[in-house]
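>>> 3D, please:
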Amino acid sequence: MKAAWQNSILSVPATMQEAIDALNNSSYKLVCLVDFQGILKGVITDGDIRRAIVAGKTINTPVDDFMCSTPITFTVKTTAYQKRRLFNQHKLLYIPVINETGQVVDIEISTSGGIQEKTNTVFLMAGGFGTRLRPLTEQCPKPLLKVGTKPILETIIESFSNSGFQNFTISVHYLADQIKTHFKDGQDFGVNLNYIEESSPLGTGGALSLLPKQNEAVILMNGDLLTKVDFRELLSYHESENAKITMCVREYEFQVPYGVINSVENKVTSIVEKPIEKYFVNAGIYVISPDVINRLIQGQPIDMPDLINNCLKKDEKVTLFPIHEYWLDIGRMADFERAQLDFIQNF
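This is a model prediction of the structure:
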């Protein structure tokens, strides 16, 4: 019978897509790259993949281009004391174990690597009118529309709760009482729930200004998203990047249906036939440092683009967190219908 850690083994040569598949198919958040003899050549974490995407690598990029080729390892003789020291010193959750020839024989998990409770506030935006989903939203707020067996917002809260997050604030406005009646104080769902009610729409940043003073980073997410994003990894990434705001993004590409002419003044320099353009687009999930929230003026409307631009004007770091996991914005009727099918496969 195959041991669980063996699902994290990937033979080189391999591509980023194969590394993503290995991560998704394993309960370990680490991929060990080995040669044909099983000898460890490097490791890849979820963060390595996201940083590679931000740097312009594609899913076809060879893993050699972005893997860590000098990973921390244990040998079969490493003592328990040495293991604890290395886990703590390098703040790692997983470390491969190799034998005397360098072959991977196991992957150790940090004893502090279990699902521990996170005290950060999760701020969910649920006040929109959902006009593009009418008539479904004429009598029901969009976050309470059922996808599969439960409301969208319930699936979101459940996903965060499964990752150890327990403290939620929901921003409500349109048909707010229905949301409050469904979730109450969160006890029925095993979480702590508070509400912020906007008397008039303040924009995402303006809604954040109604939070009490924060001492930790806040994860903000739109209440109409379905995703399998690793929220703990997202928070860890934000902290490791020492950013003021981390913005989740999706890669979006489209093919220009014509030959594109590059030119300088009236001189043609090249012709590219039906090129594919790629962009990062906003995925509606952010991590925001407490000082950014605490300096907002209470009740003053401000949208996220303005909040982000204010940080950039102060020369503060705003970083990207590319999402390669399942993600769907349920904004239109076609998205809602697709979500019903996706829910069965992904949740």
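>>> give me the number of residues near residue 338?
15 (other Cβ atoms under 10 Å). Just so you know, the C-beta spots here come from the backbone N, C-alpha and C atoms, and that holds for glycine as well.
>>> Just give me the residue closest to the centre of the protein.
Nearest residue to the geometric centre of the chain (Cα atoms, centre = their mean): residue 229, 4.1 Å.
>>> Quick check: phi and psi on residue 25?
phi -90, psi 0 (degrees, to the nearest 10).
>>> on that earlier part again, how about the residue nearest to the centre of the chain, what does it touch?
Contact analysis of residue 229 by Cβ atoms under 8 Å, 6 or more residues apart in numbering lists 248, 285, 323, 325, 327.
>>> Export those residues as a markdown table, with columns for neighbour count and distance to residue 312.
What follows is the contacts of residue 229, written out as a markdown table (neighbours: other Cβ atoms under 10 Å; distance: Cβ to Cβ, whole Å):
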| residue | neighbour count | distance to residue 312 |
| --- | --- | --- |
| 248 | 24 | 18 |
| 285 | 21 | 19 |
| 323 | 21 | 22 |
| 325 | 14 | 27 |
| 327 | 17 | 25 |
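>>> Please flag which of those residues sit within strands.
Counted as lying in strands by DSSP state E, out of those, are 248, 285, 327.
>>> what residues does stretch 31-45 touch?
Here stretch 31-45 has contacts from 8-12, 14, 19, 22-23, 29-30, 63-64, 66-71, 73, 96, 98, 101-104, 107, using Cβ under 8 Å, 6+ apart.
>>> OK, contacts around residue 7?
22, 25-28.
>>> one more time with 7 Å
25-26 (Cβ atoms under 7 Å, 6 or more residues apart in numbering).
>>> can you check residue 192 too?
166-168, 186.
>>> Recalculate using a threshold of 8 Å.
Contacts of residue 192 by Cβ under 8 Å, 6+ apart are 166-168, 185-186.
>>> Show me just the buried residues among those.
Buried members of those, counted by 16 or more other Cβ atoms under 10 Å: 166-168, 186.
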